[in-house]
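Colleague: Here's a sequence, model it:
(chains A and B)
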Protein chains: 2
Amino acid sequence: VIGLNSGASRPTSGGWNDEFATIARIKRRFERDRPGGTSGPIPPVGEVWIGDDAAVVASRPGQRLLLATDLVVAGVHVDLEVSSVEDLGFKAVMVTCSDLAAMGARPDHLLVSIAAPPGTDLDLLVEGCAAAADDVGCTVVGGDLSGSSNLVVSTAVAGSLRGVVEAGPMLRSGARPGDSLLVTGVLGASAAGLRLLRGQVDGQPVAAGSRDAEALFRAHRRPVARLAEGEVARVSGASAAIDISDGLVADVRHLAEASMVGIELDALPVALGATEQEALGGGEEYELIVATEDPRRLTVAFDRAGLRPPIVIGRCIANPGRLVLEGKPLPEGGWRHDLT
Amino acid sequence: VIGLNSGASRPTSGGWNDEFATIARIKRRFERDRPGGTSGPIPPVGEVWIGDDAAVVASRPGQRLLLATDLVVAGVHVDLEVSSVEDLGFKAVMVTCSDLAAMGARPDHLLVSIAAPPGTDLDLLVEGCAAAADDVGCTVVGGDLSGSSNLVVSTAVAGSLRGVVEAGPMLRSGARPGDSLLVTGVLGASAAGLRLLRGQVDGQPVAAGSRDAEALFRAHRRPVARLAEGEVARVSGASAAIDISDGLVADVRHLAEASMVGIELDALPVALGATEQEALGGGEEYELIVATEDPRRLTVAFDRAGLRPPIVIGRCIANPGRLVLEGKPLPEGGWRHDLT
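Modeller: I've put the predicted structure just below:
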C-alpha cells in the first residue's frame, strides 16, 4: 500500500487491490469534490496537501511548515527475523525524515507513536528512534504508547525550509521537459541487504560477513535520509524531487505523473552486490531522485557541500506517456514486499 | 498504556506492567539524563516536550506551534463489536484534537496514518476521520496507509493558540494551591455507553433505545473534543488543564503530580445513566479538568461564549500527598480497558 505521502508504506502482498485508487478517493474525501456534490476545503496558494512527500502548510503569512507522517509495520516494512526492534525504530524515524529530504526541508520536531505487543523491548525500540533523531539533528517532543497485537510505529515530523527560504519546497510536480534527472546514490542496496540477510544469496556473489555485505545490511537496516542532499538541491535550482521509498521505477512514475512529463532513463546505477532488478524495483533506500535544468550547478553545489556527486540517470521529455529505460518501456509497479 | 502525551491510549489489560515508569524512561532517553551520562537536548524556555497533553514548540521567535499525536487500536481503544470503523476514524481524530483542547489551542492541520487488515472498509474509516476534521474545523493534509494484521489509526495534529495569544498554553503543571477545579461536563457517559452497547445493563436503569441511551452511545462512539471550552478557559485566566482520557481519578492525579499540589474533590458530576464508578474511572470522554483561581470569571466567560456552565468539583491544596474525594482517599489508577 502506498502512503498518502510516500515513505515507508508501499505495495504489500495481501494488501489493498487498488491502492492508488484508494488514495485518490481519500484525497477527494478530505479535499474538494466530495461525494454528494459538497465541497471540502481547497489548499490555499502555496500550500500542498495530500499527494506529495510531505504537506506544506502556512501557519502564518510568509511562514511555511512542513508536515509528514509514516507507518512502519512489523512483518510488512520490517522483517524482525533479520532486523531488530532497534532497527525498526531507527527506520520509522528516518523514513519520515526522508519525506522532508525530498522537499528540501529539515526536520525540527518529531512525534513517535508505538503500538506494541506485550514483551516488546521498548527500550531498544526507543533507542533506535533516538539514534535516528540524533543523526538528523532533531528532537522527539511527544508521542503515544499502546498495546497492540502487532508492532506498528507511526512517526510524524514538523519541519522547515532553511538556508535560501525563497527557494520553495521541491514538489513532485515541478519537473519540466528538458530537465536532467539525477539520483543521490547507487540503488538496490536495501533490497540486496534484505536478500543476503535472509540467506538467499542468489544474486551477485557477495560473501556474507564481508565489508560489502555489511554495507548492504546497513543500507537495509539503517537507511539514511538524504537531508543535506535535499537541501542543497533545493537551494541550487532543482525543479522537483521525490525519495525512492517505493523503488526507482515506481517513484520515477510518480514524479512523471505529477509533473506531466515523460522520462527517458539511460543509466541505472546499481549498488555493489545488488542486482539490476533490485536497483529498479527495490525501495526503502531513500536516495532522492532530483530534476533540474542545470545538472552542472547541482553537481558543483554537492561537491562544495562535501556530498557524494549526484548521478545523472536520464531526462524529462514533453511526451507524458513515454517512460523508458535504455529505449525499452519501464516495467510496471515497484518492489512488492513479501514478508509474510 | 498511557500516552507520552495523553489521549486515546491508556492502561490496558495485558499491556505493560509499569507504563508510567516506561514513559519516564522514554522521556529521559529523548531528553536529558541519557544512559551513560551523555546529555540530550533540553527544551528551551517556553517549550514543552514529552509529558503534557501536547508538545509546545517554537519554530520561530514569538511563534508557538502545538503538536500532538494519538493511537487508536482496534480491540484496545475501540471495540468493533459495538463501534463501526467510521466511529473509530472519528474518534482517532477527536482524541488528538482533545489534546490540543487541553492546552487551550486549536487544531490547524491533521495527519492520518492507517494500518489496516485487508477487507477493512477504508472509505467508512476515512469518512469518520473527515467528519471529525469538519467538526473541529481543520484539514487533513497528509497521512500514510499500510497493511497490518490489526487495525491501528495514528493521528497527529499541528495547532496554534488563537485569540489572546499572550495567554500561553494551559499546562498540567500550572495549578496552584487555592485554585478551584472545574470540569466542562458530567462524567461517565462514554463508559456507560460502552456498557449498554454490550448489553450489560447492570448499572442505572436506562432503557436501550431511549433518548438517554442514545446520548450515552453517542458519548462513547463519537466523543467531542472541548476545543471552545479549552480556548475560553485559556484566555479567561485558567492556570492548568488536562483532558479526561484516562478517567477522572487518573487525570486528577496527573494534574496534581505535574503541579505538585494536593486535590480535594467534593462533587462528582455523574452523567444520567452512568454509575459513580464510571464517572470516577471511565475515560475516553474528553471533558476537560480546568484549574483556576477565579472560577466566577471562567463561568461568566463560558456563559458569554454560549458554552455549558463548567462544574466546580473541588480545589487544589498545598499538601501534594493529599488526593481525596469527599474526605476519602482517591482510589488508585483509572479505568482499565478490558476489550479482549
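Colleague: quick one: the strands in the stretch 151-300 of chain A?
Modeller: Assigned by DSSP state E, counting those that start in this stretch, the stretch 151-300 of chain A shows strands spanning A:152-160, A:180-183, A:240-243, A:262-265, A:288-292.
Colleague: mind listing what's buried in stretch A:77-97?
Modeller: By neighbour count on 16 or more other C-beta atoms under 10 Å in any protein chain shown, the buried set for stretch A:77-97 is A:77-79, A:82-97. All C-beta atoms are positioned from the backbone trio N, CA, C, and that covers glycine.
Colleague: and if you look at stretch A:42-51?
Modeller: A:43, A:47-51.
Colleague: Give me the mean pLDDT for it.
Modeller: In this model, stretch A:42-51 carries a mean pLDDT of 76.
Colleague: go on, stretch A:215-232?
Modeller: Stretch A:215-232 shows a mean pLDDT of 96.
Colleague: Count the neighbours of A:Ile311 for me.
Modeller: Neighbour count for A:Ile311, taken as other C-beta atoms under 10 Å in any protein chain shown: 17.
Colleague: at contact distance from chain B, anything in the helix ranked longest in chain A?
Modeller: The residue-count maximum for a helix in chain A (DSSP state H) belongs to helix A:85-101. No - applying C-beta under 8 Å from any C-beta of the partner chain, one finds helix A:85-101 separated from chain B by no less than 8.8 Å.
Colleague: The very next helix or strand once past that helix pairs with which strands, and in what direction?
Modeller: Once the chain leaves helix A:85-101, the next helix or strand it forms, by DSSP states H and E, is strand A:106-116. With DSSP bridges as the test, strand A:106-116 is paired with strand A:139-147 (parallel), strand A:152-160 (antiparallel).
Colleague: Bridging across strands, which residues link to the residue nearest to A:Cys138 when sequence neighbours are not counted?
Modeller: In space, A:Cys138 comes closest to A:Pro107 once its chain neighbours are excluded; the distance is 4.2 Å by C-beta to C-beta, 6 or more residues apart in numbering or on different chains. Taking DSSP bridges, one finds A:Gly159 as the beta-bridge partners of A:Pro107.
Colleague: which residues touch A:Pro107?
Modeller: A:Pro107 makes contacts with A:96-97, A:100, A:136-138, A:157-159, A:227, as judged by C-beta atoms under 8 Å, 6 or more residues apart in numbering or on different chains.
Colleague: Where is pLDDT lowest across the residues you listed?
Modeller: A:Cys138 (88).
Colleague: Surely it touches A:Asp108?
Modeller: Yes - assessed by C-beta atoms under 8 Å, A:Cys138 is found in contact with A:Asp108 at 5.7 Å.
Colleague: Overlap in contacts, those two.
Modeller: A:157, A:159.
Colleague: sorry, back to before: need the strands of the stretch 151-300 of chain A in TSV (columns: mean neighbour count).
Modeller: Formatted as TSV, those follow (neighbours: other C-beta atoms under 10 Å in any protein chain shown):
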stretch	mean neighbour count
strand A:152-160	30
strand A:180-183	25
strand A:240-243	28
strand A:262-265	20
strand A:288-292	28
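Colleague: which stretch among those comes nearest B:Asn150?
Modeller: When these are compared by C-beta to C-beta, strand A:152-160 sits nearest B:Asn150, at 8.4 Å.
Colleague: and the strands paired with strand A:106-116, which one's lowest on average pLDDT?
Modeller: When these are ranked by mean pLDDT, strand A:139-147 comes last with a mean of 89.
Colleague: And A:Ile244, how far from chain B?
Modeller: Between A:Ile244 and chain B the computed distance is 16 Å (C-beta to the nearest C-beta, to the nearest Å).
Colleague: my bad, A:Ile317
Modeller: A:Ile317 sits 30 Å away from chain B, going by C-beta to the nearest C-beta.
Colleague: From what I see, that residue and A:Pro177 are in contact.
Modeller: Yes - in this structure, A:Ile317 is within contact of A:Pro177 by C-beta under 8 Å, at 5.5 Å.
Colleague: Overlap of the contact sets of the two?
Modeller: A:261-262.
Colleague: Out of the strands of the stretch 151-300 of chain A, which is closest to A:Asp212?
Modeller: Closest approach to A:Asp212 among the strands of the stretch 151-300 of chain A is made by strand A:180-183 (20.0 Å; C-beta to C-beta).
Colleague: residue contacts, the nearest residue to A:Ser154 once chain neighbours are set aside?
Modeller: Nearest non-adjacent residue to A:Ser154, counting by C-beta to C-beta, 6+ apart: B:Ser154, 3.5 Å away. Applying C-beta under 8 Å, 6+ apart, we find B:Ser154 in contact with A:69, A:71, A:113, A:115, A:144, A:152, A:154, A:156, B:69-72, B:92, B:112-113, B:115.
Colleague: of those, buried ones?
Modeller: A:69, A:71, A:113, A:115, A:144, A:152, A:154, A:156, B:69-72, B:92, B:112-113, B:115.
Colleague: Please identify which of those residues is nearest to B:Arg28.
Modeller: Scanning the buried ones among the contacts of B:Ser154 for proximity to B:Arg28, where the rule is C-beta to C-beta, the winner is A:Asp144, at 17.5 Å.
Colleague: of all the strands paired with strand A:106-116, which lies closest to B:Arg304?
Modeller: Comparing those by their distance to B:Arg304 (C-beta to C-beta), the top pick is strand A:139-147, with 32.8 Å.
Colleague: show me where pLDDT drops low in chain A?
Modeller: For chain A, residues meeting the criterion pLDDT under 70 lie at A:1-23, A:26, A:31-40, A:59-62, A:200-209, A:333-340.
Colleague: What are the boundaries of the helices in it?
Modeller: Using DSSP H, the helices assigned to chain A run over residues A:19-30, A:85-101, A:122-136, A:189-197, A:211-221, A:227-235, A:248-259, A:276-281, A:295-304.
Colleague: Tell me which of those helices sits most buried.
Modeller: A comparison of the helices of chain A by mean neighbour count, using mean count of other C-beta atoms under 10 Å in any protein chain shown, puts helix A:85-101 on top with a mean of 29.
Colleague: In PDB, could you pull the C-alpha coordinates for it?
Modeller: C-alpha atoms of helix A:85-101 as PDB (Å, rounded to 0.1, in the frame of the first residue of the first chain):
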ATOM      1  CA  VAL A  85      13.300  -3.600  17.000                       C
ATOM      2  CA  GLU A  86      16.100  -1.000  17.400                       C
ATOM      3  CA  ASP A  87      16.500  -1.100  13.600                       C
ATOM      4  CA  LEU A  88      12.700  -0.700  13.300                       C
ATOM      5  CA  GLY A  89      12.600   2.400  15.500                       C
ATOM      6  CA  PHE A  90      15.600   3.900  13.600                       C
ATOM      7  CA  LYS A  91      13.800   3.300  10.300                       C
ATOM      8  CA  ALA A  92      10.500   4.600  11.500                       C
ATOM      9  CA  VAL A  93      12.100   8.000  12.200                       C
ATOM     10  CA  MET A  94      14.300   8.000   9.200                       C
ATOM     11  CA  VAL A  95      11.600   7.300   6.600                       C
ATOM     12  CA  THR A  96       9.500  10.200   7.800                       C
ATOM     13  CA  CYS A  97      12.600  12.500   7.700                       C
ATOM     14  CA  SER A  98      13.200  11.200   4.200                       C
ATOM     15  CA  ASP A  99       9.900  12.700   3.200                       C
ATOM     16  CA  LEU A 100      11.200  16.100   4.300                       C
ATOM     17  CA  ALA A 101      14.500  15.500   2.500                       C
END
